[in-house]
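S.K.: Give me a model of this one.
(chains A, B, C and D)
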Number of protein chains: 2
Amino acid sequence: MRADTTDMPEFSPRQNAVLEQALRLLVEGGEKALTTSGLARAANCSKESLYKWFGDREGLLAAMIAHQASKVRTFERSGERLTADLLRDHLELFARDLLQVLAGDVSLALNRLAIGQATREGSKLGKLLLEHGRRQIDRRAMALIDQGKRAGLLRFDNADAAYHTLYGLIVSDLHVRMLLGEPGLKDNARQAERAVVAFLALHGTQKQSADARGVSAGR
Amino acid sequence: MRADTTDMPEFSPRQNAVLEQALRLLVEGGEKALTTSGLARAANCSKESLYKWFGDREGLLAAMIAHQASKVRTFERSGERLTADLLRDHLELFARDLLQVLAGDVSLALNRLAIGQATREGSKLGKLLLEHGRRQIDRRAMALIDQGKRAGLLRFDNADAAYHTLYGLIVSDLHVRMLLGEPGLKDNARQAERAVVAFLALHGTQKQSADARGVSAGR
DNA sequence: GCAGAACCGTACCGTACGGTACGCAAAAGG
DNA sequence: CCTTTTGCGTACCGTACGGTACGGTTCTGC
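M.R.: Purely as a prediction, here's the structure:
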């Protein structure tokens, strides 16, 4: 494996337009609506071109995932000095972004696709999705958590475990519920705030402000 | 107790055997392996009978969910007096049970099926799965949490929010990862213990024992 | 013992999919 | 200007699915 990322084929503009149509079909009608004939019709291209570009149906699905991942770029974080308030703000921003991403139409459709494809033996698409879709956001959170620890604002043994705690507090069972077709939250921001307050109560080194704790356990 | 929604048709032994085979096929090969012809062959019955009993394919899938749910009976809890240690034990037992259920082959297969079927507009199967599969375990946890509060061992505003916190701490993103084909945890018990310690740190009214806190944030 | 229902095994039907082949127009390139 | 490449549109093929029909067989009730 050379380097890490960006060994992605980088599709031509035409191919990207086709992949965009493919995503649209998938979002609007689920996997059964994404057929080679239907895509060729919707994208005004020939089936032959589809097979030439993407190999087969699985290649098309993989290309869709890569294409979507290439659109979500997570800006590298600044190296500013962390304060407790700043850390909390960044954690909340991360939480809100995470909830928004997970609730996105395209994200849900791709996850449904990969999960529907998966079996007990694992799934090529699932691996791809976790690798392309999650690594970015994982990195961002881990960097933030690590920075918080180095600044003496957070305390934990295992950064990975701490991150999973944060993730669980933010998302709970919401992701699976949305994948099953339930509507998302009315207020992502409130959920984000709650989760960060709880996370800081568990792993923070300082008392939080009074109004903040009111969210989690005040009357 | 028929109580609320036991309007489930209650299938005959023969039909239950067929549904069992259907689950086996689904677990072993995913949705694409669950065909009417394949099921008829595997269960030694005729396709005509399948359609007579279950109406159509969707009816078969719904029947599979109902059948599986009917097998998972959550024993009603005792009314014993709660102590802090007892509460922690029950919470840990709940967490272990939850992790074990979510990691089960049949549960994963049914969730994959319903998720693969779901679209933006929601899914009949998804609703069914959440209703039949989750309500039991939700009730159990809510009862336990509520009992803990009445015993003065837990403190929270919103029992629902507290339960979601507990759920998130226990499961994190593990469920989705497993749905995508990743292997489960090596040690469910450890994860359960961690989650309960964190939950009690957030919502408990008493200090936990030293070894317990060592799990979450020891030096 | 007999009529009727339930059921199995199989054959069958229409359809729609993934994938391939071909004819032709429009760019690309020299 | 001519050639080559690229790609569109369509037709086509094999397959496999969901669903139905039917003849033969076992089970059930009287």
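S.K.: so A:A63 touches A:E20, yeah?
M.R.: No - contact between A:A63 and A:E20 fails when scored by Cβ atoms under 8 Å: they sit 11.3 Å apart. Where you see a C-beta, it was placed from the backbone N, CA and C, and this is true even at glycine.
S.K.: And these two? Which one has more around it.
M.R.: For A:A63 versus A:E20, the count of surrounding residues by other Cβ atoms under 10 Å in any protein chain shown is larger for A:A63: 21 against 15.
S.K.: Identify the residue spatially nearest to the more buried one, adjacent ones excluded.
M.R.: If the residues on either side of it in the chain are set aside, A:A63 comes closest to A:F54, at 5.2 Å by Cβ to Cβ, 6 or more residues apart in numbering or on different chains.
S.K.: Next, the contact list for that neighbour, please.
M.R.: Counting by Cβ atoms under 8 Å, 6 or more residues apart in numbering or on different chains, A:F54 touches A:60, A:62-63.
S.K.: Let's see which of the residues you listed end up in helices.
M.R.: A:60, A:62-63 (DSSP state H).
S.K.: Return the backbone torsion pair for the residue nearest to A:A63.
M.R.: phi -120, psi 0 (degrees, to the nearest 10).
S.K.: Point out the residues in chain A that sit beside DNA strand D.
M.R.: Among all residues of chain A, those adjacent to DNA strand D (criterion: Cβ under 7 Å from any atom of the strand) are A:12, A:14, A:40, A:44-49, A:52.
S.K.: try 10 Å this time
M.R.: In this structure, chain A approaches DNA strand D at residues A:12-15, A:17-18, A:36-37, A:40-53, judged by Cβ under 10 Å from any atom of the strand.
S.K.: returning to what we had before: please report how far the residue nearest to A:A63 lies from chain B.
M.R.: When distance is defined by Cβ to the nearest Cβ, to the nearest Å, A:F54 is 20 Å away from chain B.
S.K.: Also A:R112?
M.R.: A:R112 sits at a distance of 5 Å from chain B (criterion: Cβ to the nearest Cβ).
S.K.: so where do the helices sit in chain A?
M.R.: A:13-29, A:36-43, A:47-54, A:57-71, A:84-102, A:105-117, A:124-129, A:135-150, A:159-171, A:174-179, A:188-203, A:210-217.
S.K.: about what we covered before: if we only consider the contacts of A:F54, which is nearest to DNA strand C?
M.R.: The closest of these to DNA strand C turns out to be A:L60 (Cβ to the nearest atom of the strand; 7.5 Å).
S.K.: so what's that closest one up against?
M.R.: With contacts taken as Cβ under 8 Å, 6+ apart, A:L60 has the following neighbours: A:22, A:36, A:39, A:50, A:54.
S.K.: From those residues, list just the buried residues.
M.R.: By neighbour count, with 16 or more other Cβ atoms under 10 Å in any protein chain shown, the contacts of A:L60 hold A:22, A:39, A:50, A:54 as buried.
S.K.: which residues does the residue nearest to the second one when sequence neighbours are not counted contact?
M.R.: Computed as Cβ to Cβ, 6+ apart, the closest residue to A:L39 that is not its neighbour in sequence is A:A22, at 5.4 Å. For A:A22, the residues meeting the contact criterion (Cβ under 8 Å, 6+ apart) are A:34, A:39, A:43, A:60, A:64.
S.K.: and of those residues, the nearest to chain B?
M.R.: Closest approach to chain B among the contacts of A:A22 (Cβ to the nearest Cβ): A:L34, at 11.6 Å.
S.K.: Next one: that closest one from B:M178, what distance?
M.R.: According to Cβ to Cβ, to the nearest Å, A:L34 and B:M178 sit 24 Å apart.
S.K.: okay, now the residue lying closest to A:A95 once chain neighbours are set aside: neighbour count?
M.R.: In space, A:A95 comes closest to A:A192 once its chain neighbours are excluded; the distance is 3.5 Å by Cβ to Cβ, 6+ apart. Using other Cβ under 10 Å, the number of residues around A:A192 comes to 23.
S.K.: Filter the ones in helices among the contacts of A:F54 to keep only those in contact with DNA strand C.
M.R.: Of the ones in helices among the contacts of A:F54, the ones that also sit near DNA strand C (Cβ under 10 Å from any atom of the strand) are A:L60.
S.K.: could I get the ones in helices among the contacts of A:F54 as CSV with pLDDT?
M.R.: Converted to CSV, these look like this (pLDDT from 0 to 100):
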residue, pLDDT
A:L60, 97
A:A62, 96
A:A63, 97
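S.K.: Format the ones in helices among the contacts of A:F54 as CSV; extra columns: distance to A:G30.
M.R.: Converted to CSV, these look like this (distance: Cβ to Cβ, whole Å):
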residue, distance to A:G30
A:L60, 15
A:A62, 18
A:A63, 18
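S.K.: Which single one of the ones in helices among the contacts of A:F54 is nearest to A:A159?
M.R.: When the ones in helices among the contacts of A:F54 are compared for distance to A:A159, the smallest value, 30.6 Å, is given by A:A62; criterion: Cβ to Cβ.
S.K.: Contact distance from DNA strand C - what residues of chain A qualify?
M.R.: Applying Cβ under 10 Å from any atom of the strand, one finds that chain A approaches DNA strand C through A:29, A:31-41, A:46-52, A:54-61.
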